[in-house]
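> give me a model of this one.
(one chain, ligands or ions: 2)
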Amino acid sequence: MNIVSLSNSYDADFVSAVEKESKQNVSLCYQCGNCTAGCPYTHFYDIPVSQVMRLVQAGQRETALSCKSIWLCATCESCTTRCPNEIDVARVMDVLRHMARRAGYAPEPKVKTFTDSFLSSVEKHGRVFEMGLMATYMSKTGRFLTDADLGPKILPKGKLSFKPHPIVGKEQVANIFKRYNEERNS
Ligand code: SF4
Ligand code: SF4
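Ligands and ions are numbered 1, 2, ... in the order given. Sure, this is the predicted structure:
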C-alpha cells in the first residue's frame, strides 16, 4: 500500500466536481473502513477504496486520479451496500475513472484498451461482437495468448461467433454514441 501525503494543496474544485458528477456527499464518509473490508479487489489495489474516499475529501486530485484502484474496480457495489452513511461509493469510483480518462490518466493501460475496444465494438455492431473485441484487444496490447485456452472450450458451445450478431436498433445505438460525442465536443 502506498503512503499518501495529505499535506499537498487542497483542490476544492475537484471535491465539488466529484460531488456534482456523482451526486454524493463525500464529506459524510467518516472512514469506518466498511467499504474496504467488503471490497473483493482490495488485494490488487494500490489505494484501498476507503482511502480513495479520503483523498477525495482531502481534495487530492492528482493522487486520486492517478491511482490504479479506480481502473481495477469491478463496480460490484459491495462498498455501496456496506456504507453506513449510504454513500454510493461505487459511483464515486466510477466518476473518478471517467474524470481520470478525460484528464488523460491511464495507470492501467490494458484496462483502458479493453474498455475502448468494447465500446468501439458496441458502437459498430449495436452490441459487443466478442471475436472482434478479442482481436482488437489482442492487436492493441500484444497479448495474443490471453485466454487462448478458453477458445476450444467455448467455441463448440456456440458462445463465440465468427460474425457479429444481427440486432434490431443497431442504428439507434450508433446514434447514442454520435450524440454523446457531439455533446462532449461542444
Ligand atoms: S465497487 Fe469497486 S471499490 Fe466497491 S467493492 Fe466493488 S470492486 Fe471494490
Ligand atoms: S463505508 Fe462509507 S463511511 Fe465507511 S469508509 Fe467507506 S465510504 Fe466512508
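
> got the contact list for Ile167?
By CB atoms under 8 Å, 6 or more residues apart in numbering, Ile167 lies in contact with His125, Gly126, Arg127. (C-beta placed from N, C-alpha, C; glycine too.)

> list buried residues within the residues you listed.
The neighbour count (16 or more other CB atoms under 10 Å) marks His125, Gly126 as buried among the contacts of Ile167.

> look up how far ligand 2 lies from the residue of the chain most remote from its centre.
Using CA atoms, centre = their mean, the residue of the chain lying farthest from its centre is Pro156. It sits 31.7 Å away. In this structure, Pro156 and ligand 2 are 45 Å apart, going by CB to the nearest ligand atom, to the nearest Å.

> give me every residue in this structure lying close to ligand 2.
Residues of the chain that fall close to ligand 2, judged by CB under 6 Å from any ligand atom: 29-35, 50, 53, 82-85, 87, 89.

> so which of the residues you listed reach ligand 1?
Intersecting the residues of the chain next to ligand 2 with the contacts of ligand 1 gives Val89 (criterion: CB under 6 Å from any ligand atom).

> can you pick the most crowded of the residues of the chain next to ligand 2?
Using other CB atoms under 10 Å as the neighbour definition, these reach their maximum at Val89, which records 30 neighbours.

> in this structure Ala106 contacts Phe114, no?
No. At 11.4 Å, Ala106 does not count as touching Phe114 under the criterion of CB atoms under 8 Å.

> out of those two, which sits in the busier spot?
Neighbour comparison, Ala106 and Phe114: the larger count goes to Phe114, with 19 against 16 (by other CB under 10 Å).

> distance check, Ser22 against ligand 1.
Summarising the geometry, the distance separating Ser22 from ligand 1, computed by CB to the nearest ligand atom, is 13 Å.

> looking at that residue now. What's its pLDDT?
The predicted structure scores Ser22 at 97 on the pLDDT scale.

> then Gly132?
In this prediction, Gly132 carries a pLDDT score of 85.

> in space, what's closest to it - neighbours in sequence excluded?
The spatial neighbour of Gly132 that comes closest, neighbours along the chain excluded (CB to CB, 6 or more residues apart in numbering), is Ser121 at 5.6 Å.
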